[in-house]
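Asker: Next comes the sequence, and after it the predicted model I'd like to discuss.
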Amino acid sequence: MKQYINLDESKTFAEKPNDVQQLINITLSILESFGIPTEGTPRRLERMALAFLACGDIKDKNDFSKVRDLNSGYALKTREIINYVNKHFYEKISSGSYDDIRRKDLKLLTIAEIVLQSSPNSATNDSTRGYSINPTYAELIRSYGITNWETMVSERLKNSEPLSRKLKRERTIRKVIVTLPSGGELSFSAGEHNDLQKAIIEEFLPRYGYGAEVLYVGDTSDKYLYLEAERLKELNFFEISHDELPDVIAYSKDKNWLYLIEAVHSSGPISEIRLLQLHQLTEKCTAEIIYVTAFLNRQKFRQFVADIAWETEVWIADNSDHLIHFNGDKFLGPYNKR
């Protein structure tokens, strides 16, 4: 089974008995099958799993088959959830942090309606409101462990959009194949930086490249992993041996756009200084320049957001259907919700 929380990632998790650790990982597996995203911090995932178990009166693996739900009249208030997890799961959560249960531990579960409120029309801060498992999901939980359980869950929930997908807000975007003029394949060395460059070629350019062909790719162990020097020369691109080369260069003939893309893992976003350098180096280029900084995930983006230059684009690989535009001459206006 997938380990959602490892012993070295959470002190509170490591201090729990093996059977409780296993129960938490099983619970997170179930919630992921229900469409709950599991990319949070280890402690946040642990707290969410424990709150869920309390809402279903589940103390060990055997209780999955007899999980209690809202129809059974079972519901716990936020302070009661704290008491439950402290008593059964070796926690020491302060009773004064009861708002954290509602605002953090149960937030995704209630948005996804896996956990329901006993009095949904009551005030937000109503201390008498309880929380319990949605009977629809409780029925699925009771059959957990049977053969092809995940297939059954997918079939039962096929008409419900998973919360994980809603949060990513995937869009239907026509993809255009990214071409390597040589027809060959690129073989990157191992590492997150090169994983990101691979994603740029396979995910970013098909979405936003307008038929772009890759003209240059640098690798952490090979500066000129792929190079179309003659094509770049035709565009009056600056001397290819220059130290200021971006990580990926691609050209869309349809748009006459040249993409200069930085893949940021530990350094190197397109900052104001970097943008100024690239402006100077490409001043004779016959194509219009698109400046893009790419990140693997939002956490990495947050580390560098203050350094990103205006009038450039940001792309995040784990939310590949969206771009972040840093100002420029584009208009402000509403988006179509669809």
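Answerer: It's in.

Asker: Surely residue 250 is in a helix?
Answerer: No: Residue 250 sits outside any helix when classified using DSSP: H, G, I helix; E, B strand; the rest coil, being strand.

Asker: please begin residue numbering at 59 from this point
Answerer: All set: I'll call the first residue 59, so the last point we hit is now residue 308.

Asker: Any idea how many residues pack against the closest residue to it other than its chain neighbours?
Answerer: If you skip the residues right next to it in sequence, residue 308 has residue 270 as its closest partner in space, 4.0 Å away by Cβ to Cβ, 6 or more residues apart in numbering. C-beta coordinates here come from the backbone N, C-alpha and C atoms, glycine included. For residue 270, the neighbour count with other Cβ atoms under 10 Å is 26.

Asker: May I have the phi/psi pair for residue 270?
Answerer: With angles defined as degrees, to the nearest 10, residue 270 shows backbone torsions of phi -60, psi 140.

Asker: hang on, it packs against residue 307?
Answerer: No: with contacts counted by Cβ atoms under 8 Å, residue 270 stays clear of residue 307, the gap being 9.6 Å.

Asker: Report the set of residues contacting both of the two.
Answerer: Taking Cβ atoms under 8 Å, 6 or more residues apart in numbering as the contact rule, residue 270 and residue 307 both touch residue 317.

Asker: Got the domain ranges for this protein?
Answerer: 69-226, 250-383 (automatic domain parsing).

Asker: Residue 62 is nearest to which of those?
Answerer: Each of the domains of the chain was scored for nearness to residue 62 using Cβ to Cβ, and the closest is domain 69-226 (4.1 Å).

Asker: The closest residue to residue 383 other than its chain neighbours: what's it in contact with?
Answerer: For residue 383, ignoring the flanking residues on the chain, the nearest one in space by Cβ to Cβ, 6+ apart is residue 371 at 5.9 Å. When contacts are counted by Cβ under 8 Å, 6+ apart, residue 371 touches 348, 349, 350, 351, 381, 382, 383, 384.

Asker: Take those residues and write them to CSV, including distance to residue 328 and neighbour count.
Answerer: CSV is the format used below for the contacts of residue 371 (distance: Cβ to Cβ, whole Å; neighbours: other Cβ atoms under 10 Å):
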residue, distance to residue 328, neighbour count
348, 11, 19
349, 5, 23
350, 7, 23
351, 5, 29
381, 14, 14
382, 12, 15
383, 13, 11
384, 9, 15
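
Asker: now those residues as JSON lines including distance to residue 314?
Answerer: Output for the contacts of residue 371, formatted as JSON lines (distance: Cβ to Cβ, whole Å):
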{"residue": "348", "distance to residue 314": "11"}
{"residue": "349", "distance to residue 314": "16"}
{"residue": "350", "distance to residue 314": "17"}
{"residue": "351", "distance to residue 314": "22"}
{"residue": "381", "distance to residue 314": "20"}
{"residue": "382", "distance to residue 314": "24"}
{"residue": "383", "distance to residue 314": "20"}
{"residue": "384", "distance to residue 314": "22"}
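
Asker: Okay, strands next: where are they in the stretch 159-308 of the chain?
Answerer: According to DSSP state E, counting those that start in this stretch, the stretch 159-308 of the chain carries its strands in the segments 173-175, 189-191, 271-277, 280-285, 306-310.

Asker: who's in contact with the first one?
Answerer: Contacts to strand 173-175, defined as Cβ under 8 Å, 6+ apart, come from residues 109-110, 113, 128, 164, 167-168, 187-192.

Asker: Return the distance of stretch 96-113 from the chain's centre.
Answerer: In terms of Cα atoms, centre = their mean, to the nearest Å, the gap separating the centre of stretch 96-113 from the centre of its chain is 17 Å.

Asker: Check stretch 291-298 too.
Answerer: Shown here is stretch 291-298, whose average C-alpha point lies 37 Å from the average C-alpha point of the whole chain (Cα atoms, centre = their mean).

Asker: Mind checking the pLDDT average for it?
Answerer: Mean per-residue pLDDT for stretch 291-298: 85.

Asker: Show me which positions of that stretch end up buried.
Answerer: Within stretch 291-298, the residues scored as buried using 16 or more other Cβ atoms under 10 Å are 293, 295, 296.
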